[in-house]
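output the structure for:
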Amino acid sequence: MIYLDNSATTLKKPDAVIEAVTDALMQLGNSGRGVHEDSLKSSEVLFHARQVLCQLFNGELTKQLVFTSGATESLNLAIDGLHTGKDHVITTALEHNSVLRPLYRLQSEKGLELTVIPADKQGKLDYTDFEKAVQCNTKSIIVTHASNVTGNVMDLAKVRDVCQNYGLYFVVDASQSAGILPIDVQKMGIDLLCFTGHKGLYGPQGTGGLYVRPGISLRPLKVGGSGIDTFNPQHPALFPTALEAGTLNSHGIAGLAAGVDYLLAETLEKLNQKISALTRLFYQEAAKLDEVILYGDFSDKQRCPIVALNIGQRDSAEISDLLAYEYGIATRSGGHCAPLMHEALGTKEQGVVRFSFSSFTTETEIREALDALQKISQKE
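Have a look, this model is predicted:
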């Protein structure tokens, strides 16, 4: 199998990630639930993971890095924990359902006001729309760092400036960009950074987190056991415990930390040079094929390693199935949990075939995928 579905999850992981999870399964107890060696080992792993993630994102305090099951939980925590029914939120048509559905639920159940900035047929935004959308009760702007459909990267600096000018919270979904693009929460003015572990960070599924700027408090999604302050009827308010009720996925987080260690050692710059070159090669050669329609803006050099396409009017699921079962190439077709993006692209009914690459993708695999596309495009 040629695996080109890395935006869904990275299948090929650094060896150190697999070793870390295996070791953790054999050695780690429950962090914060004892003073014996196995419990302390778990606490050390969690602390190291917070440290390297804060290093990667330039977070101010390691305790502000909260672990979750992934970006979906992080976004629900950020959105539900920050807003009330009296608030107005600005978001975009680029967003994943992990942003849209929590907002829609607050809209229908509590009366949250919502403005969605539209995208054009290339999946691009008009950034002047953000300032125009600000109201007296606007509380936050919530945006994806990069589209999971097109790979287009948001100009976060322009959104940050609007947030700072109007005193709004800046919430960023880094599901596609964490581990791919440089993220500096302090320089970028990000108040809440939501990320998943199983994509660009090369960690296991079921891992992720939320970085919360110091000074911001959130209502927790869940409360319960914390390992401390047992006789207090209220859940502890100190970070990170305030947002981490229950037993953490220490085994998975051990693998996540190993993935981040790999990124820091190899450097994002070096890895991204390779991935960007492969993405550009695939895009340029695919553009030459008959009937191939490409989506997104490739004029911007900074983008995520995604190429979305269709072959004529053929259903994207048909093309993805042919790639998988006749050529052994894994892609993803359909709507990608981003309904408004597909409405903007005009692909609501057809969907798109998404090719997504990682630092483990090879040029040989790229060329085999292009050869398969060519053969499919020539068939009726």
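
make it CA atoms for all contacts and neighbour counts henceforth
Noted.

now do the same end-to-end measure for stretch 276-296.
One end of stretch 276-296 sits 15 Å from the other (CA to CA, to the nearest Å).

could you do stretch 200-215 as well?
First-to-last residue span, stretch 200-215, CA to CA: 28 Å.

try stretch 186-205
With CA to CA applied, stretch 186-205 spans 27 Å between its terminal residues.

buried stuff in that stretch?
Using 16 or more other CA atoms under 10 Å as the burial criterion, the residues of stretch 186-205 that qualify are 189-205.

ok, now stretch 281-294?
Of the residues in stretch 281-294, 282, 283, 286, 289, 291, 292, 293, 294 count as buried by neighbour count, 16+ other CA under 10 Å.

now swap in stretch 238-245 and tell me
By neighbour count on 16+ other CA under 10 Å, the buried set for stretch 238-245 is 239, 240, 241, 242, 243, 244, 245.

any idea how far the residue lying closest to residue 365 once chain neighbours are set aside is from residue 304?
Using CA to CA, 6 or more residues apart in numbering and skipping the chain neighbours, the partner closest in space to residue 365 is residue 2 (6.4 Å). Going from residue 2 to residue 304 by CA to CA gives 19 Å.

more neighbours, the two?
Neighbour count, other CA atoms under 10 Å: between residue 2 and residue 304, residue 304 has more, with 27 against 18.

helix or strand: which one has the more buried one?
If you go by DSSP states H and E, residue 304 is not part of any helix or strand.

got a pLDDT number for it?
The per-residue pLDDT reported for residue 304 equals 97.

ok now the lowest-mean-pLDDT helix or strand in the chain, how far from the chain's centre?
Lowest by mean pLDDT, DSSP states H and E among the helices and strands of the chain is helix 37-57, with a mean of 90. Helix 37-57 sits 21 Å away from the centroid of its parent chain (CA atoms, centre = their mean, to the nearest Å).

just confirm residue 324 is within a helix.
Yes. Assessed by DSSP: H, G, I helix; E, B strand; the rest coil, residue 324 belongs to a helix.

just to revisit the earlier point, just the ones in helices from the buried residues of stretch 281-294, please.
Taking DSSP state H, the ones among these that sit in helices are 282, 283, 286.

which stretches of the stretch 251-380 of the chain form helices?
All helices of the stretch 251-380 of the chain, identified by DSSP state H, counting those that start in this stretch, fall at 268-286, 316-327, 339-345, 363-378.

got the angle for the last one vs helix 268-286?
What it means is helix 363-378. 30 degrees (axes from the mean of the first three to the mean of the last three CA atoms, to 10 degrees).

CA atoms only: put helix 363-378 into PDB for me.
The C-alpha coordinates for helix 363-378 follow below in PDB (Å, rounded to 0.1, in the frame of the first residue of the first chain):
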ATOM      1  CA  GLU A 363       9.300  10.500  -4.700                       C
ATOM      2  CA  THR A 364       8.800   7.000  -6.100                       C
ATOM      3  CA  GLU A 365       5.400   6.800  -4.400                       C
ATOM      4  CA  ILE A 366       4.500  10.200  -5.800                       C
ATOM      5  CA  ARG A 367       5.300   9.100  -9.300                       C
ATOM      6  CA  GLU A 368       3.400   5.800  -8.900                       C
ATOM      7  CA  ALA A 369       0.400   7.800  -7.800                       C
ATOM      8  CA  LEU A 370       0.600  10.100 -10.800                       C
ATOM      9  CA  ASP A 371       0.900   7.200 -13.100                       C
ATOM     10  CA  ALA A 372      -2.200   5.600 -11.600                       C
ATOM     11  CA  LEU A 373      -4.100   8.900 -12.000                       C
ATOM     12  CA  GLN A 374      -3.100   9.100 -15.600                       C
ATOM     13  CA  LYS A 375      -4.400   5.700 -16.300                       C
ATOM     14  CA  ILE A 376      -7.600   6.300 -14.500                       C
ATOM     15  CA  SER A 377      -8.200   9.600 -16.300                       C
ATOM     16  CA  GLN A 378      -7.800   7.900 -19.600                       C
END
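
now that helix: buried residues?
363, 365, 366, 369, 370, 371, 372, 373, 374, 377.

go on, the second one?
Within helix 316-327, the residues that qualify as buried are 316, 317, 319, 320, 321, 322, 323, 324, 327, counting by 16+ other CA under 10 Å.

just the strands in the chain please.
2-3, 65-68, 88-92, 113-117, 138-144, 169-173, 192-196, 208-212, 292-295, 306-311, 329-330, 332-334, 352-356 (DSSP state E).

quick revisit: just so I know, which of the helices of the stretch 251-380 of the chain lies nearest residue 73?
helix 339-345 (19.6 Å; CA to CA).

hmm, back to that, in JSON lines, list the buried residues of stretch 281-294 along with pLDDT and distance to residue 125.
Output for these, formatted as JSON lines (pLDDT from 0 to 100; distance: CA to CA, whole Å):
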{"residue": "282", "pLDDT": "98", "distance to residue 125": "25"}
{"residue": "283", "pLDDT": "97", "distance to residue 125": "22"}
{"residue": "286", "pLDDT": "97", "distance to residue 125": "25"}
{"residue": "289", "pLDDT": "95", "distance to residue 125": "28"}
{"residue": "291", "pLDDT": "93", "distance to residue 125": "27"}
{"residue": "292", "pLDDT": "96", "distance to residue 125": "24"}
{"residue": "293", "pLDDT": "97", "distance to residue 125": "21"}
{"residue": "294", "pLDDT": "97", "distance to residue 125": "18"}
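
for these, give me JSON lines that also has distance to residue 160.
Listed next are those as JSON lines, based on distance: CA to CA, whole Å:
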{"residue": "282", "distance to residue 160": "32"}
{"residue": "283", "distance to residue 160": "30"}
{"residue": "286", "distance to residue 160": "35"}
{"residue": "289", "distance to residue 160": "39"}
{"residue": "291", "distance to residue 160": "40"}
{"residue": "292", "distance to residue 160": "36"}
{"residue": "293", "distance to residue 160": "33"}
{"residue": "294", "distance to residue 160": "30"}
